[in-house]
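my questions are about this predicted structure, shown below with the sequence.
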Amino acid sequence: MYHSVGEPGPTFGVGRAPFLQHLEWIRSHKTVSGLLELVEQARSKPVADDAVAVTFDDGYLDNYECAIPACVERGIPATIFIAWDALGSPAFRGGLPMMSRDHVRELAALPGITIGSHTLSHPKLSRLDPEVQRRELCDSKAVLEDWLGKPVETFCYPFGDYAPGTVELVRACGYRLAVTTRVGAFRVDRPFEIPRIPVSRFSESILEATLTQGYLLYAKAAGRC
Ligand SMILES: [Zn+2]
C-alpha cells in the first residue's frame, strides 16, 4: 500500500528513488499480479508465496506523474483507489496536490492499471449512518464507472476504518473486493477485508525484509507488537 511517491513528502509517502528500487526488487523477486486477478485466482487455487499486488490510495498527483508510469514501464500492474471529491484538490492530506478527473481517465486506459473507489469524501465510515455510508460506497462507484466507462469493482476503506455493517454494504454495492490498512495474512473467505502492508517513509529501507520475511517483521519495525 503506497500513498504519495515523491519528495519532499509526508511521513506516509515514499521518496521517488526508494520507490523505483522497490519496483526493481519486486519485479526480480516476486510474481506481481493485479489485485482483482489475484483475489479471483485465489478462489480456485492457493495463493503463491511470492505473490504481490501493488496498490495506491487517494489519487495523489505524483502517482500520475511518476509512480504509475514507472509501474507501466516495468509491466507491474497496480490498483489506484480514488477519493472522487478530492480530485483536483491543490492540497489534500499532507498538503499534497491531487490528480484531476482527466488524469484518472488517462491512467485507467493504461495496461495493467485498475481504478478502484476510495469513497467520495474520504470519511471515517464507522462514524456515519448506514444510509450515508451507502452513498459514499455506491455513489463513488457509480460516478467513477460513469466517468471511466468501465466497471469499478474494487474498494478501499479510508483510514482502514469501517463498522461491522459496512462490509455488507460494500458487497451490496456490487464490489468484488475491499482492502483495509491492517497488516495480516490474506484469507480467501474474507475478500472484503483484505489486509495490506503499508509502505511509508520509515519503511523505505525495509521493504525487502518485509515482503521476504512477512508482516510480523513489519509490525515489529512499526512498533505495533
Ligand atoms: Zn485514503
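On my side now, so go ahead.

how far does stretch 100-119 sit from the chain's center?
Its chain's average C-alpha position is 12 Å from that of stretch 100-119, according to C-alpha atoms, centre = their mean, to the nearest Å.

return the alpha-carbon coordinates of that stretch using CSV.
Taking Å, rounded to 0.1, in the frame of the first residue of the first chain, the C-alpha atoms of stretch 100-119 are listed here in CSV:
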residue,chain,number,x,y,z
SER,A,100,-7.5,15.5,-11.9
ARG,A,101,-10.5,13.7,-13.2
ASP,A,102,-8.9,13.7,-16.7
HIS,A,103,-5.7,12.2,-15.2
VAL,A,104,-7.8,9.3,-13.7
ARG,A,105,-9.4,8.6,-17.1
GLU,A,106,-5.9,8.6,-18.7
LEU,A,107,-4.5,6.2,-16.2
ALA,A,108,-7.5,3.9,-16.4
ALA,A,109,-6.6,3.3,-20.1
LEU,A,110,-3.1,2.2,-19.4
PRO,A,111,-2.2,-1.5,-19.5
GLY,A,112,-2.4,-3.2,-16.1
ILE,A,113,-3.8,-0.1,-14.3
THR,A,114,-7.1,-0.5,-12.4
ILE,A,115,-9.1,2.2,-10.8
GLY,A,116,-10.9,1.4,-7.5
SER,A,117,-13.1,3.5,-5.3
HIS,A,118,-12.0,5.1,-2.0
THR,A,119,-15.4,6.7,-1.4
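
okay, buried residues for it please.
Within stretch 100-119, the residues scored as buried using 16 or more other C-beta atoms under 10 Å are 101, 103-104, 107-108, 112-119. Bear in mind the C-beta positions are built from the backbone N, C-alpha and C, glycine included.

for burial, what's the neighbour tally of the residue lying closest to residue 4 once chain neighbours are set aside?
Nearest residue to residue 4 in three dimensions, chain neighbours excluded: residue 13, at 3.5 Å (C-beta to C-beta, 6 or more residues apart in numbering). Neighbourhood size, residue 13 [other C-beta atoms under 10 Å]: 24.
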